[in-house]
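Peer 1: With the input below, show me the fold.
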Amino acid sequence: MRLRSAGVPLAFVIYGYLMPAAMAEPVPFSCTILPDGKSARVAISNPFDRETSCQVNCQFSTTSRGTSFQLSCTNNVAARGKDVQLCVRDLSEGTLVKMTGGGGDCVKQMSEEELKAREKKSDEDADAEFKKAMKQGDDMLNRMKASKPLTEEERQEQEKKSRENAEDKLNKAMKQGEDLMKDLKEDKPD
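Peer 2: All right, here's what the predicted structure looks like:
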C-alpha cells in the first residue's frame with residue numbers, strides 16, 4: 001500500500017525563531033507499508049532549488065489491539081530531489097494495517113525580496129501597534145479631561161460631610177463605651 005499526500009504543516013514553528021530567513025512549507029511525502037507488513041518506508045520530495053532539511057511524521061494503525069505506530073524522520077534532501085527516502089522503520093509487534101495520518105515539510109530559504117517584505121510587514125505591524133497604543137492613551141486623556149474637577153465649594157462640602165460622618169461615628173463609639181461602663185458598674189457586686 002502506498003499513500004501520497006500534499007502534507008499537513010507540522011510544528012516547525014521553531015524554524016521561524018531559530019532561522020528567520022527560512023520557513024517550513026508542506027511538500028509531497030509518502031509513508032509506505034512494505035510488503036512484510038512489519039516496516040514502513042518514509043520518503044519526501046524537495047521542490048526547492050537548494051538542499052534543505054525535510055521532515056515527515058507518519059501514523060499507522062496496527063493489528064496489535066489498542067496500539068498505533070508513529071514515526072518521524074528528518075534529513076537533508078538534495079535540491080529538487082524526488083521521492084527521497086528519509087528512513088525505513090520496523091514495527092516491533094503486530095502488523096501495520098494502514099496509514100492514519102501524517103505530514104511532511106521542508107525548510108524553504110527566503111529570497112532577498114521575501115526577507116525585505118517580511119521586515120517591512122514587521123515594521124508596519126509594530127507601527128500599527130504603536131499608533132493603537134497612542135490612540136488608547138489619547139482616548140484615556142480625553143475621558144479624564146471630560147470629567148470635571150470639583151469646585152472649591154464642592155470640595156469643602158465633601159470635607160465637611162466627611163468630618164461630620166467621622167464625628168458621628170466617634171460620638172456613637174463614645175456613647176457605646178459609656179453605656180458599657182454604666183452596665184459594668186450596675187452589675188458589679190457590692
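
Peer 1: Only C-alpha atoms from now on, for both contacts and neighbour counts.
Peer 2: Will do.

Peer 1: Show me how the record splits the protein into domains.
Peer 2: Domain assignment for the chain, taken from automatic domain parsing, gives 2-110, 111-152.

Peer 1: so what's Lys108 bridging to?
Peer 2: Lys108 has these beta-bridge partners by DSSP bridges: Met23.

Peer 1: quick one: contacts for it?
Peer 2: By CA atoms under 8 Å, 6 or more residues apart in numbering, the contact set of Lys108 is 22-25, 48, 52.

Peer 1: could you redo the last one with a cut-off of 10 Å?
Peer 2: For Lys108, the contact set (CA atoms under 10 Å, 6 or more residues apart in numbering) comprises 21-26, 46-54.

Peer 1: Quick one: the helices in the protein, in order.
Peer 2: Remark: helices assigned in the chain by DSSP state H are 13-18, 112-146, 152-187.

Peer 1: Where among those is average confidence lowest?
Peer 2: The stretch with the lowest mean pLDDT among the helices of the chain is helix 13-18, at a mean of 39.

Peer 1: Leu184: neighbour count?
Peer 2: Leu184: 11 surrounding residues under other CA atoms under 10 Å.

Peer 1: Out of the domains of the chain, which is the most enclosed?
Peer 2: The highest mean neighbour count among the domains of the chain, using mean count of other CA atoms under 10 Å, belongs to domain 2-110: a mean of 18.

Peer 1: Of all the domains of the chain, which one is nearest Glu186?
Peer 2: Among those, the nearest to Glu186 by CA to CA is domain 111-152 (50.8 Å).

Peer 1: So for Lys169, which of the domains of the chain sits nearest?
Peer 2: With distances scored as CA to CA, the stretch of the domains of the chain nearest to Lys169 is domain 111-152 (25.8 Å).
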